[in-house]
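**Q** Fold the following and give me the result.
(one chain, ligands or ions: 1)
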Amino acid sequence: MKLKALLLTTLALSPFAQAKMDIMAHDAYARATPPNAATSAVFAEMMNRGTTDRTIVSATTDAAGKVELHDVIKEGDVMKMRQVESITIPAKGKVELKPGSLHIMLFDLKKPLVEGETIDVQVTFANGQQHSFSAPIKKVMSGMKHHH
Ligand SMILES: [Cu+2]
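**A** Below is the predicted model:
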């Protein structure tokens, strides 16, 4: 009994370690940009191995001055990006951030994103926990234009 109480205390004191175990970003990448481009996007397959839904409420990266969570909606025949408040990864499930769909939007890039380099991205969850992952910069064949 005493051991169990001790274990619970340890878990309560290490939310970050626990978050790392539950959340994984697979195949993350950032879109390479031409010189002078101010915006880009980060994509990844976000997996949640935990037993509770996890909600991303914000993201940051040193590579960009401003970061937003975005989705793409279809208005008539036009695909448009819009900001969303949050992105939920279902318990024991995943959500795909991909071109033409949910993505992490980067504004005010500090410098062009060059293919072959890597940026670090941090996402913050509704419960305050954070998760960091690396996103290699890749050229993205885009059939979709970004409208702002
Ligand atoms: Cu966007």
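
**Q** what's the neighbour count on P34?
**A** As a burial measure, the neighbour count of P34 was computed by other Cβ atoms under 10 Å and equals 7. For glycine as for every other residue, the C-beta is placed from the backbone atoms N, C-alpha and C.

**Q** Confirm it sits in a strand?
**A** No: applying DSSP: H, G, I helix; E, B strand; the rest coil, one finds P34 to be coil, outside a strand.

**Q** contacting residues around it?
**A** By Cβ atoms under 8 Å, 6 or more residues apart in numbering, the residues touching P34 are P112.

**Q** separation between it and M79?
**A** For P34, the distance to M79 equals 21 Å [Cβ to Cβ, to the nearest Å].

**Q** repeat for P90
**A** 25 Å.

**Q** okay, the two: which has more neighbours?
**A** With other Cβ under 10 Å as the criterion, P90 and M79 differ in neighbour count, and M79 comes out ahead with 16 against 11.

**Q** From what I see, the more buried one and D71 are in contact.
**A** No: the pair M79 and D71 fails to qualify as a contact (Cβ atoms under 8 Å) at a distance of 10.6 Å.
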